[in-house]
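Enquirer: show me the folded form of this:
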Amino acid sequence: MGFLAYAAKRAVSALFSFFIITIIAFVLVRVVPGDPALLMVGSAVDPQEWFKEYQAMRKLLGLDRPIYEQYLIWLRDIVTGNFGTFYRFNAPVGPLILERLPATLEIVIPTVILALLIGIILSTPKFFPRIAWADKVASAFSFVGMSISYFIWGIFFIIIFGVTLKILPISGRIDMGIALPHITGFVIIDSLLTGKLEAIGSFFKHLIMPVAALTLYEITLIHRINRSSMLSVMQEDYILMDRAKGLPQRHLVFVRGLRNALIPTLTLLGVQFTVLLSGTVIIEKMFAWPGIGKLLVSAVTYRDLPLIQGIIATYCIIVIVTNFIIDALYGKINPRIRYI
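Expert: Numbering: from 1, shown residues only. I've put the predicted structure just below:
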């Protein structure tokens, strides 16, 4: 089967998966205790007047309709790109998510790239006798890193670099004095488009601690899985044959070995990319980063069902697209892989 046929098959499977996940998300959100109408109405002195306001609010939010009808309306809103209506401000959910998503991607993408590069570098000293000692150091670092969660790293960085040394900002995305127009949502791109280059330096200063907190944990995962995969690959017959031919160790490790060892590493990378999207909730809250994770916390606090459902649907779409990209990269790394 060619790649195009495989892509078409995966697209059908992805649509079916997305449909099932929307049903699960819709039902689970409504099973959780709490009534959004109660939060919107608040309290009143007259019970009868309060009950009338409460009923009117449920009708306004569409909560008085049968649950299957609510789901079909939400499914229609997904197709149109609105993802429902934001309860508190009576605005479409889709544009609000698209406004916040770039901020989250600005944390996740650098984290994934740095973790992949550093994790791969740390997994190779084992195969070079002159620097074999570095493998023990990397393994020790990996053990420590696996024992410390990313939000612990975040607290540590805030205390040391933000509060004690005062060399890095502890909250926000850019300095408050910089007014940057929202065009694409990405600070670097918007800075270049508008000529406000001072925003780039401010952005990188704010980005260091959140990315470092996530990267230190992700490096350990990449290092462990890639090192294990490399140990297995370097014992393969074709590697032994290349070594017998006199090929240099550098070529064996970085060209012959690493290319095949990257398959399980890429699989882990795809999983961790989607995990990071939801894992940034704590980091975004900790550093007051205006991303989709912070938006999710606000939505749960106010029981804003369309916003919660919209964020879950967005995560689902990103997971499906990420998995497809990872599958496509398999064939580029190893041409022997066939799509079935």
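Enquirer: show me what the longest helix along the chain is packed against.
Expert: Once the chain is assigned using DSSP state H, the helix that runs over the most residues is helix 198-233. Using 3 or more CB pairs under 8 Å, 6 or more residues apart in numbering; DSSP states H and E as the contact criterion, the secondary-structure elements in contact with helix 198-233 are helix 93-122, helix 132-147, helix 150-157, helix 187-194, helix 258-286. From N, CA and C alone the C-beta is placed, and that goes for glycine too.
Enquirer: what residues sit buried inside the fourth one?
Expert: By neighbour count, with 16 or more other CB atoms under 10 Å as the criterion, the buried positions of helix 187-194 are 187, 190-191.
Enquirer: what about residue 35, how many neighbours?
Expert: Number of residues near residue 35 (other CB atoms under 10 Å) recorded here: 14.
Enquirer: I'd like the helices and strands packed on helix 198-233 laid out as JSON lines, including distance to residue 178 and mean pLDDT.
Expert: Rendered in JSON lines, the data for the helices and strands packed on helix 198-233 read as follows (distance: least, CB to CB, whole Å; pLDDT from 0 to 100):
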{"stretch": "helix 93-122", "distance to residue 178": "15", "mean pLDDT": "87"}
{"stretch": "helix 132-147", "distance to residue 178": "34", "mean pLDDT": "77"}
{"stretch": "helix 150-157", "distance to residue 178": "22", "mean pLDDT": "86"}
{"stretch": "helix 187-194", "distance to residue 178": "9", "mean pLDDT": "87"}
{"stretch": "helix 258-286", "distance to residue 178": "20", "mean pLDDT": "80"}
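Enquirer: among the ones you listed, which is nearest residue 319?
Expert: Comparing the helices and strands packed on helix 198-233 against residue 319 with CB to CB, the closest turns out to be helix 258-286 (4.6 Å).
Enquirer: packing partners of the closest one?
Expert: helix 93-122, helix 150-157, helix 198-233, helix 292-301, helix 305-333.
Enquirer: quick check on residue 85: phi, psi?
Expert: phi -120, psi 130 (degrees, to the nearest 10).
Enquirer: count of residues packed around it?
Expert: Other residues close to residue 85 by other CB under 10 Å number 19.
Enquirer: from memory it sits against residue 91, does it?
Expert: Yes - here residue 85 lies in contact with residue 91, judged by CB atoms under 8 Å, at a distance of 6.9 Å.
Enquirer: adding mean neighbour count, write the helices and strands packed on helix 258-286 out as TSV.
Expert: Written out in TSV, the entries for the helices and strands packed on helix 258-286 read as follows (neighbours: other CB atoms under 10 Å):
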stretch	mean neighbour count
helix 93-122	20
helix 150-157	18
helix 198-233	20
helix 292-301	20
helix 305-333	19
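Enquirer: circling back to that earlier point, what angle sits between the longest helix of the chain and helix 187-194?
Expert: When axes from the mean of the first three to the mean of the last three CA atoms, to 10 degrees is applied, the directions of helix 198-233 and helix 187-194 differ by 140 degrees.
Enquirer: name the next helix or strand following helix 198-233 along the chain.
Expert: Past helix 198-233, further along toward the C-terminus, the next helix or strand under DSSP states H and E is helix 237-244.
Enquirer: name the residues that touch that following helix?
Expert: Applying CB atoms under 8 Å, 6 or more residues apart in numbering, the external contacts of helix 237-244 come out as 233, 251-252, 256-257.
Enquirer: what angle do it and helix 258-286 make?
Expert: Using the same axes, to 10 degrees: helix 237-244 against helix 258-286 is 110 degrees.
Enquirer: now for the helix or strand that helix 237-244 is followed by, which elements pack on it?
Expert: The helix or strand immediately downstream of helix 237-244 is helix 249-251, counting by DSSP H and E. In terms of contacts (3+ CB pairs under 8 Å, 6+ apart), helix 249-251 is not packed against any helix or strand.
Enquirer: what lies in contact with helix 249-251?
Expert: Contacts of helix 249-251 from elsewhere in the structure, counted by CB under 8 Å, 6+ apart, are 127-128, 242.
Enquirer: same question for stretch 181-197.
Expert: If you take CB under 8 Å, 6+ apart as the criterion, stretch 181-197 is touched by 98-103, 105-106, 173-174, 178-180, 199-200, 203.
Enquirer: quote the end-to-end distance of it.
Expert: End-to-end distance for stretch 181-197: 12 Å, by CA to CA, to the nearest Å.
Enquirer: please pick the buried ones from the contacts of helix 237-244.
Expert: When the contacts of helix 237-244 are checked for burial by 16+ other CB under 10 Å, the buried set is 233, 252, 256-257.
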